[in-house]
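Trainee: this is the structure alone, sequence omitted:
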């Protein structure tokens, strides 16, 4: 998996130059696109290499196998999460709180629109017990849970409603938002407008975190 804190290297550990980085990027983008059309089990290295007019040997210079490429994509998706965490910081009073809640819902939807195919593979592999994907999912969601719990503690949610426990409420709310974002197109195809979906979800999030 990649990290912005150290140079990106090939499978031998050699840092990549600009041309190699471009080739690696093309392979990752092709993997992501092909995952939108087929399952991980059906995706082959040859398919990815063919999509960028290169050879399987070139693919193996950068990745151990298809799952390795998907792990890198999932790690890249995790790098977007700090932007979500920033939305929790600040006042949650009145209209400002509702605005923040709405931005958080929109983030989840846009996040899944961008990385949906990768996130579905990550979640399925994690559910099947793959420790690598489980760890990536944990790294993505634990800070979100912590941010929700922190807001509920600031807003003394449990004192206002003893039936709401911060950590279980955070698990429930994050699961709802994640699942909703994954399938919002299906919900919208049933006649629910995007605006109503976002506004209603924002109200639920706002009330969960503040008991207002």
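Mentor: All right, it came through fine. No experiment lies behind these values; they were computed from the predicted model shown. Residues are numbered from 1 along each chain as shown.

Trainee: got a pLDDT number for the residue nearest the centre of the chain?
Mentor: The chain has residue 77 as the residue nearest its centroid, 5.4 Å off, counting by CA atoms, centre = their mean. The per-residue pLDDT reported for residue 77 equals 97.

Trainee: do the same with residue 146
Mentor: For residue 146, pLDDT reads 97.

Trainee: next one: the one 3 residues further on
Mentor: Predicted confidence (pLDDT) for residue 149: 95.

Trainee: break this structure into its domains for me.
Mentor: 18-72, 80-210 (automatic domain parsing).

Trainee: for the longest helix seen in the chain, packing partners?
Mentor: Secondary structure of the chain read by DSSP state H shows that its longest helix is helix 94-127. Here helix 94-127 touches helix 18-35, helix 66-78, helix 81-86, helix 131-154, helix 166-182, helix 194-210, going by 3 or more CB pairs under 8 Å, 6 or more residues apart in numbering; DSSP states H and E. In this view, the C-beta of every residue, glycine as well, is placed from N, C-alpha and C.

Trainee: which helix or strand in the chain has the lowest average pLDDT?
Mentor: Lowest on mean pLDDT, DSSP states H and E among the helices and strands of the chain sits helix 157-160, with a mean of 72.

Trainee: ok, back up a step: among the helices and strands packed on helix 94-127, which is nearest residue 113?
Mentor: helix 166-182 (8.0 Å; CB to CB).

Trainee: what does the closest one rub up against?
Mentor: Identification of contacts with helix 166-182 by CB atoms under 8 Å, 6 or more residues apart in numbering yields 104-105, 108-109, 111-112, 116, 119-120, 141, 144-146, 148-149, 152-153, 157-158, 187, 197, 201, 204-205, 208-209.

Trainee: pLDDT of it, averaged?
Mentor: Helix 166-182 comes out at a mean pLDDT of 95.

Trainee: which SSE is immediately downstream of that helix?
Mentor: helix 184-189 (DSSP states H and E).

Trainee: other residues contacting that next one?
Mentor: 109, 112, 180, 194, 197.

Trainee: again with stretch 47-63
Mentor: 10-11, 16, 20, 23-24, 26-27, 30-31, 33-34, 38, 45-46, 66, 69, 72.

Trainee: just the buried ones from those residues?
Mentor: Buried members of the contacts of stretch 47-63, scored by 16 or more other CB atoms under 10 Å, are 16, 20, 23-24, 26-27, 30-31, 34, 45, 66, 69, 72.

Trainee: out of the residues you listed, what pair is the most spread apart?
Mentor: Greatest spatial distance among the buried ones among the contacts of stretch 47-63 (CB to CB): 16 and 34, at 22.1 Å.

Trainee: relative to residue 163, how far out is residue 89?
Mentor: For residue 89, the distance to residue 163 equals 27 Å [CB to CB, to the nearest Å].

Trainee: give me the neighbour count for residue 195.
Mentor: Neighbours of residue 195 under the rule other CB atoms under 10 Å: 8.

Trainee: ok, it to residue 87 distance?
Mentor: 19 Å.

Trainee: which non-adjacent residue is nearest residue 35?
Mentor: Leaving aside its sequence neighbours, residue 35 sits nearest to residue 117 (CB to CB, 6 or more residues apart in numbering; 4.0 Å).
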